[in-house]
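Student: Build the 3D model from these lines:
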Amino acid sequence: MYIRKDLSFNHRADLDHEGIEILRIELFLPKTKPILIGVTYRPPTQQDFYSILDFVFSSSNDFLQYETILLGDLNTNVLCSKSYPLLQWFNSFMNMFNLTQVIKEPTRICSTSSTGIDLILVSDSDKISQCGVIHTTFSDHSIIYCTRKLTKCYFSSHNTVTLRSAKNYNKENFQARLLCVDWTPVILSDNVNNAWVCFKHLLLSVLDSIAPVKQIRIKQRTQTWMDSDILQAISERDKAFYKYKHDKCQDNFETFKSLRNHVQQLVYKAKKDFFTNSIKQNKTDSKALWKTLKSLGLPSKKASTDSSSNICLKINDNICFEKKLIAENFNSFIHLRKLPTPPYSSLNSGVIRRSRVMKIHYRTFLANHATLDILEFLNLIYLCDFLGSRTILTLRSSTIRWF
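Tutor: Numbering: from 1, shown residues only. Modelled structure (predicted):
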């Protein structure tokens with residue numbers, strides 16, 4: 001087995017077995033669960049190959065949890081029109097573990113026959129973009145290949161999940177339909193694998209009639225302050241940007257720039273109004289206020305430590321993260337302006353102690369400027385962040401300016 005040197009993998013020796021020739025690895029791709037890839041060979045005279053392979057798959061839950069790809073010379077002609085015991089064992093193994101054989105062409109061609117004995121078994125066929133056979137002149141076996149899709153992150157794409165719809169399901173109807181099913185093929189089957197396949201087919205057919213499988217779209221979780229005007233402006237901005245990228249026209253660039261600034265203004269205003277209203281509604285109720293702050297993203301006391309503090313202040317053009325120094329500057333500013341001391345803080349030697357100002361861990365970089373009065377700020381939110389992410393406060397003579 002050859003593996004490209006820039007790919008990460010682990011050799012899964014725990015999945016090997018002395019009774020068969022098999023080698024397995026665990027491949028790691030970005031933003032993807034581990035993929036189990038194996039190569040194997042079945043000698044033409046080995047009859048217990050699929051029973052051993054069944055045991056190997058059943059001995060580990062990884063084959064059920066992770067995507068699996070198994071390929072090799074299995075010496076089992078899947079293109080044969082007649083059924084024979086070895087092909088039946090192969091099909092039972094495939095059905096048991098929900099595998100799909102993706103090679104549909106002959107892989108060994110000679111003067112008297114054409115057989116498909118080099119196979120690729122996959123657990124997720126929808127993730128295979130292409131597969132096929134490459135005929136060669138240096139061997140009587142052709143090369144088989146498959147290409148696995150890469151997982152890419154698409155912005156603004158819809159998220160869907162597959163589930164069963166229980167809208168029309170009820171216990172009595174389900175039991176009644178099960179009683180109407182003819183279970184004779186399952187009872188009279190002399191092979192446990194065939195009995196399982198038949199039972200599974202009959203059970204799923206009843207379940208599909210009552211609770212069919214369907215895909216539903218998961219709505220994107222948007223921010224509470226997002227409204228239809230912002231979404232419409234974002235759509236117009238994106239269209240203008242695409243048009244500019246297509247023809248590189250200066251007029252289109254100016255249009256895009258104007259729409260971009262308009263979106264930023266709408267977002268800024270919507271955030272400011274939302275956070276201001278949320279705080280004003282609960283400013284007289286301490287419990288409700290802090291509950292609102294936590295819903296807006298304020299970390300809890302347990303999650304807030306001195307080492308993880310996010311509060312910072314821009315003092316003399318330098319960003320400061322030291323709590324004591326930040327408190328001293330706020331304290332001196334309050335005394336300088338002769339503002340009343342907030343009721344929730346206590347002063348000791350010129351330093352604000354145990355103030356909720358020090359318990360707010362936010363840093364928000366804003367695209368636009370907003371000047372707010374410090375007294376209004378303290379009465380409303382104890383220096384709470386109006387816009388939600390990372391905040392840098394610049395101390396001025398009578399205002400706090402957000403950047």
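
Student: Every contact and neighbour count from this point should use C-alpha atoms.
Tutor: Will do.

Student: what about the chain, any weak spots by pLDDT?
Tutor: 137, 151-158, 218-222, 293-314, 319-323, 326-327, 330-331, 333-403 (pLDDT under 70).

Student: what sits up against stretch 93-102?
Tutor: Under the criterion CA atoms under 8 Å, 6 or more residues apart in numbering, residues 50, 54, 64, 119-125, 131, 193, 197 lie in contact with stretch 93-102.

Student: Mind picking the two most distant members of those?
Tutor: The largest separation in the contacts of stretch 93-102, counting by CA to CA, is between 131 and 193 at 28.9 Å.

Student: is it true that residue 40 touches residue 17?
Tutor: No: using CA atoms under 8 Å, residue 40 is not in contact with residue 17, being 10.9 Å away.

Student: Any idea how many residues pack against the residue lying closest to residue 250 once chain neighbours are set aside?
Tutor: Closest residue to residue 250 apart from its sequence neighbours, by CA to CA, 6 or more residues apart in numbering: residue 244 at 7.9 Å. By other CA atoms under 10 Å, the residues close to residue 244 number 18.

Student: And for residue 106?
Tutor: Count around residue 106 with other CA under 10 Å applied: 21.

Student: What residues does it make contact with?
Tutor: With CA under 8 Å, 6+ apart, residue 106 has these contacts: 79, 114, 115, 116, 117.

Student: Produce a ChimeraX select command limited to the buried residues of the residues you listed.
Tutor: Restricted to buried positions by 16 or more other CA atoms under 10 Å, the ChimeraX selection for the contacts of residue 106 reads:
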select :115,116,117
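
Student: Quick check: nearest residue in space to residue 140, chain neighbours excluded?
Tutor: Residue 140 sits nearest to residue 108 (CA to CA, 6+ apart), 5.8 Å away.

Student: Distance of that neighbour relative to residue 161?
Tutor: 41 Å (CA to CA, to the nearest Å).

Student: quick one, which of those two is more surrounded?
Tutor: Remark: of residue 108 and residue 161, residue 108 carries more neighbours, 18 against 9, as counted by other CA under 10 Å.

Student: Contacts only, for that one.
Tutor: 114, 115, 116, 117, 118, 140, 141, 142.

Student: Kindly recompute the last result at 6 Å.
Tutor: 114, 115, 140, 141 (CA atoms under 6 Å, 6 or more residues apart in numbering).

Student: and the first one, what are its bridge partners?
Tutor: Just to be clear, that refers to residue 114. Under DSSP bridges, the beta-bridge partners of residue 114 are residue 109.

Student: Show me the strands in the stretch 151-300 of the chain, by range?
Tutor: Counting by DSSP state E, counting those that start in this stretch, the stretch 151-300 of the chain has strands at residues 159-164, 213-218.

Student: Residue 24 and residue 12 touch, don't they?
Tutor: Yes: Residue 24 lies in contact with residue 12 (CA atoms under 6 Å); the separation is 5.5 Å.

Student: between these two, which one's more packed in?
Tutor: The neighbour count for residue 24 versus residue 12, taken as other CA under 10 Å, is higher for residue 24 (20 against 14).

Student: Spell out which helix or strand contains the more buried one, please.
Tutor: strand 21-28 (DSSP states H and E).

Student: Give the buried residues for that strand.
Tutor: In strand 21-28, counting by 16+ other CA under 10 Å, buried: 22, 23, 24, 25, 26, 27.

Student: Against which helices or strands is that strand packed?
Tutor: strand 8-11, strand 35-41 (3 or more CA pairs under 6 Å, 6 or more residues apart in numbering; DSSP states H and E).

Student: The longest one: partners in the sheet, and parallel or antiparallel?
Tutor: Read that as strand 35-41. strand 21-28 (antiparallel), strand 67-73 (parallel).

Student: which helix in the protein runs the most residues?
Tutor: helix 250-280 (DSSP state H).

Student: list the buried ones in that helix?
Tutor: Under 16+ other CA under 10 Å, the buried positions of helix 250-280 are 252-253, 256, 259-260, 262-264, 266-268, 270-272, 275-276, 278-279.

Student: Same check on stretch 35-46?
Tutor: 35, 36, 37, 38, 39, 41, 42.

Student: The fifth one touches residue 73, doesn't it?
Tutor: Pointing back at residue 39 there. No: taking CA under 6 Å as the definition, residue 39 is not a contact partner of residue 73, at 8.6 Å.

Student: returning to that earlier point: pipe the buried residues of stretch 35-46 into CSV and attach distance to residue 232 per row.
Tutor: Shown next, in CSV, are the buried residues of stretch 35-46 (distance: CA to CA, whole Å):
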residue, distance to residue 232
35, 41
36, 45
37, 46
38, 50
39, 53
41, 59
42, 61
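
Student: Out of the residues you listed, which two are the most distant from each other?
Tutor: Maximum distance among those (CA to CA): 22.5 Å, for 35 and 42.

Student: domain parsing for this protein?
Tutor: Annotated domains of the chain cover 8-148, 159-218, 228-269, 285-402 [automatic domain parsing].

Student: Determine which of those domains approaches residue 1 most closely.
Tutor: domain 8-148 (7.6 Å).

Student: Please identify which of the domains of the chain is closest to residue 2.
Tutor: Per CA to CA, nearest to residue 2 of the domains of the chain: domain 8-148, 10.9 Å.
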